[in-house]
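Participant: build me a model from this:
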Amino acid sequence: MTTNTRQRLDTIFGKPPRDQADAAAPAPAPAAAAPAAPAAPAVRPVTIYLPRALGERARNVCRQRELTWTEFTIEAVNAHATAIAAALHPTAGGGGAAGVPVLPARQPRVGGRRTRVPGGRMEIQLRLDPAQLTGLDRQIALTGAMNRSHYVTTALQLHLGDTTAL
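Facilitator: Now for the predicted structure:
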């Protein structure tokens, strides 16, 4: 008669007895002498859709100046914060009272479809931390831009000197 020297599967994959589990548990880590550095705020990807021609011009500037899309966009928004609001809400000479926009901020879609942009659109990703995202959304609310893409498109047009589409 031969003896079976193989272990049973329930002993291999089962829980160890309590006395073995306590012995195998790692010792608690000693308290750290210095507090850990605060974690950097998590960045969040934000998708922006730009007219292709504007996006290509902005991409070339980013490459020449070795900037990320986020750095270039923040630069444009900070440089033209007051001009963006004026570009989004132009007032006519006698059409409305001072500061009252002549055209509404939101235009209804024709037939429920987006308007076509000559040359199409391109998608970019901005990596924004919570404070930057809150600031961008606050500016969008203050200026009455339709969405983030509308606001960033206007900022980049002003920053690149492209006023034909404003």
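Participant: show me where the protein has its helices.
Facilitator: Secondary structure of the chain, counting by DSSP state H: helices at 9-13, 18-24, 52-65, 69-79, 81-88, 130-143, 148-160.
Participant: so for the last one, what gets flagged as buried?
Facilitator: In terms of neighbour count (16 or more other C-beta atoms under 10 Å), helix 148-160 has its buried residues at R148, S149, H150, Y151, V152, T153, T154, A155, L156, Q157, L158, H159. C-beta here means a position set from N, CA and C on the backbone, and glycine is covered the same way.
Participant: also the fifth one?
Facilitator: Neighbour counts using 16+ other C-beta under 10 Å place I84, A85, A87, L88 of helix 81-88 among the buried residues.
Participant: which pair in those spans the largest distance?
Facilitator: A85 and A87 (7.4 Å; C-beta to C-beta).
Participant: neighbours around the residue lying closest to I74 once chain neighbours are set aside, how many?
Facilitator: Spatial nearest neighbour of I74, chain neighbours left out: Q132 (7.0 Å); criterion: C-beta to C-beta, 6 or more residues apart in numbering. Neighbourhood size, Q132 [other C-beta atoms under 10 Å]: 19.
Participant: swap in the one 3 residues further on?
Facilitator: The number of residues packed near G135 is 15, by other C-beta under 10 Å.
Participant: same check on the one 10 residues further on?
Facilitator: The local packing of A145 (other C-beta under 10 Å) involves 24 other residues.
Participant: wait, it sits on Y151?
Facilitator: Yes - at 3.9 Å, A145 and Y151 qualify as touching, with contact defined as C-beta atoms under 8 Å.
Participant: what touches both of the two?
Facilitator: Common neighbours of A145 and Y151 are listed as I84, L88, Q139 (criterion: C-beta atoms under 8 Å, 6 or more residues apart in numbering).
Participant: how many other residues sit next to V46?
Facilitator: As a measure of burial, V46 has 19 neighbours, counting by other C-beta under 10 Å.
Participant: next: N147.
Facilitator: Counted with other C-beta under 10 Å, the neighbours of N147 add up to 12.
Participant: ok, A76 next?
Facilitator: 21.
Participant: model confidence for it, exactly?
Facilitator: At A76, the pLDDT value in this model is 92.
Participant: please apply the same query to the one 5 residues further on.
Facilitator: According to the model's per-residue confidence, A81 sits at a pLDDT of 86.
Participant: between the shared contacts of A145 and Y151, which sits nearest V46?
Facilitator: Q139 (13.5 Å).
Participant: now do stretch 57-74: everything it contacts.
Facilitator: 48, 50, 75, 124-128, 132, 152, 155-156, 159-160, 162.
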